[in-house]
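Asks: let's see this in three dimensions:
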Amino acid sequence: GDMGRILAQLYAGQIVSPDASAAMIELLKGCRSNNKIPRYLNPGITVAHKIGGSNRIQGDVGIVYLPTGPLIVSIVTLADDLEGRGADAIAELSKVVVEALSPESVASEQ
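Replies: Just a heads-up that it's a prediction; the model follows:
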């Protein structure tokens, strides 16, 4: 919940200043990991996100720029591997939510 609120404030330009918030979002857009939130999205959908994890958790939080408007996603899973079940769960949950709000934003081939 906290990460979602921080991302909402960042999107609104309320973290430090509007310029600083915009710069931080640009940094998040540079995340090269596409195996969680962005996995099932069309390549044209911009995602500003940050992944993280440990031996017990996997997470991805970000702003998905849908044609219908921005979507804040914050998912943390219990997972004992770095790229397996936790990443899969985050990708699947993200897909379900995006598909409900903007079906055209989900990649047709999976």
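Asks: phi first, then psi, for the residue of the chain positioned farthest from its centre.
Replies: Each residue of the chain has a distance to the centre, and by Cα atoms, centre = their mean the biggest one is for Ser17: 22.3 Å. For Ser17, the backbone dihedrals (degrees, to the nearest 10) come out as phi -160, psi 170.
Asks: go on, Gln14?
Replies: With angles defined as degrees, to the nearest 10, Gln14 shows backbone torsions of phi -100, psi 10.
Asks: residues touching the nearest residue to it once chain neighbours are set aside, list them.
Replies: Spatially, and ignoring its direct neighbours in sequence, Gln14 is nearest to Ser21 (6.7 Å; Cβ to Cβ, 6 or more residues apart in numbering). (Each C-beta comes from the backbone N, C-alpha and C, glycine too.) With contacts defined as Cβ atoms under 8 Å, 6 or more residues apart in numbering, the neighbours of Ser21 are Gln9, Leu10, Tyr11, Ala12, Gly13, Gln14, Ile15.
Asks: tell me how far the spatially closest residue to Tyr40 that is not a sequence neighbour lies from Tyr11.
Replies: Taking Cβ to Cβ, 6+ apart, and ignoring the residues beside it in sequence, Tyr40 has Lys95 as its nearest neighbour in space, at 4.0 Å. In this view, Lys95 and Tyr11 are 21 Å apart by Cβ to Cβ, to the nearest Å.
Asks: scan this protein for its longest helix.
Replies: Taking DSSP state H as the assignment, the helix of the chain that covers the most residues is helix 85-101.
Asks: CA atoms only: put that helix into CSV for me.
Replies: The C-alpha coordinates for helix 85-101 follow below in CSV (Å, rounded to 0.1, in the frame of the first residue of the first chain):
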residue,chain,number,x,y,z
ARG,A,85,6.9,-18.5,-9.3
GLY,A,86,7.0,-15.0,-7.9
ALA,A,87,7.8,-13.4,-11.2
ASP,A,88,5.1,-15.6,-12.8
ALA,A,89,2.5,-14.6,-10.2
ILE,A,90,3.3,-10.9,-10.6
ALA,A,91,3.1,-11.1,-14.4
GLU,A,92,-0.3,-13.0,-14.3
LEU,A,93,-1.9,-10.6,-11.8
SER,A,94,-0.7,-7.6,-13.8
LYS,A,95,-2.2,-9.1,-17.0
VAL,A,96,-5.5,-9.8,-15.4
VAL,A,97,-5.9,-6.2,-14.1
VAL,A,98,-4.7,-4.6,-17.4
GLU,A,99,-6.9,-6.8,-19.4
ALA,A,100,-9.9,-5.8,-17.4
LEU,A,101,-9.2,-2.1,-17.8
